[in-house]
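J.: Below is the structure, and that's it, no one-letter string:
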Ligand code: TRP
């Protein structure tokens, strides 16, 4: 049985990078697999979160998942903290994973920065929790972006070491699902940096709730170079900003970068930006509207999350019970 698990952090505004890099792919997978999509609030608190903002962001991301096209009746959509198995299995994995493995994680080094001594222990153990997310459901496939590949590798190592240590053939090796081209959306201000909610410049990203005016303004201000569009994507090499805009256009219009270059060859970026604005508004407009509508109904979102958590627990609890048995924990008879 093939089962998908993926997670998204509830840390503020969803943007075009989240949509094209993750959510849109999740929507495509929903008809092919049994899917669990988790708003990872336990992961979020590895760095400080204001409680009221965490609550609001958890609901907003949930609204984003549904607005992007995930059907809450056929997918399991829930927030991590409502399913205790994640934290319970993460503890066991804290005892399976080795310090040496975690020391190699590049994301921890980036996020902790120079002030490593002051990073939370949770930030360090973050990948073990991610392994627990996936393996608590024995998920077989995990859609992840480039930046999470190393963490998924670690999940595979943990699964294998658990199986070896306890001499069982229990956990599957979860496979990465890397989907489609142009999934890496870069900042509109710097074509070499990923589009990110932590970028201080609002103009660096298009948020999923941005209206037509904001979208138009940000695209107009997006950095480019003075050259026109080339005839083929080859002509975009060493032009990161131009390549990014072509990539975004292609992803939004469902075309290849070749087709986009072909159609717009010789055009100035001022004209191309207008075309890009049009397709961005066409795709994001309805999604942003739906997100705003859903966010205004927290009771509905809470009901979706509670129902999703019930379904998630129904899968994870029996698996966790088997794990407890394997590890040698006594449980009520
Ligand atoms: N670490 C992922 C991110 O920051 C989110 C995540 C948590 C996740 N648990 C996961 C992704 C399990 C895939 C599978 O993007």
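T.: Perfect, thanks for sending it. On a predicted model such as this, the values are computed, not experimentally measured, just so you know.
J.: just how off-centre is stretch 261-279 within its chain?
T.: 29 Å (CA atoms, centre = their mean, to the nearest Å).
J.: end to end, how far does it reach?
T.: 16 Å (CA to CA, to the nearest Å).
J.: how many other residues sit next to the residue in the stretch 151-300 of the chain that the ligand sits nearest to?
T.: Residue nearest to the ligand within the stretch 151-300 of the chain: residue 151 (6.0 Å; CB to the nearest ligand atom). From N, CA and C alone the C-beta is placed, and that goes for glycine too. For residue 151, the number of neighbouring residues by other CB atoms under 10 Å comes to 21.
J.: give the contact list for it.
T.: By CB atoms under 8 Å, 6 or more residues apart in numbering, residue 151 lies in contact with 105, 107, 126-127, 130-131, 144.
J.: one more time with 7 Å
T.: Taking CB atoms under 7 Å, 6 or more residues apart in numbering, we find residue 151 in contact with 127, 130.
J.: would it count as being in a strand?
T.: No. Per DSSP: H, G, I helix; E, B strand; the rest coil, residue 151 lies outside any strand segment and is helix.
J.: Would you mind giving me the confidence score for it?
T.: We have a pLDDT of 97 for residue 151.
J.: quick one: it and residue 145, what's the gap?
T.: Relative to residue 145, residue 151 is positioned 11 Å away (CB to CB, to the nearest Å).
J.: and what of residue 152?
T.: 10 Å.
J.: cool, residue 225 as well?
T.: 26 Å.
J.: Who has more neighbours out of these two?
T.: residue 145 (18 against 12).
J.: nearest residue to the more buried one other than its sequence neighbours?
T.: residue 21 (5.3 Å; CB to CB, 6 or more residues apart in numbering).
J.: The one you found against residue 185, yeah?
T.: Yes. Between residue 21 and residue 185 there is a contact at 6.0 Å, judged by CB atoms under 7 Å.
J.: so how many other residues sit close to residue 52?
T.: Residue 52: 8 neighbours (other CB under 10 Å).
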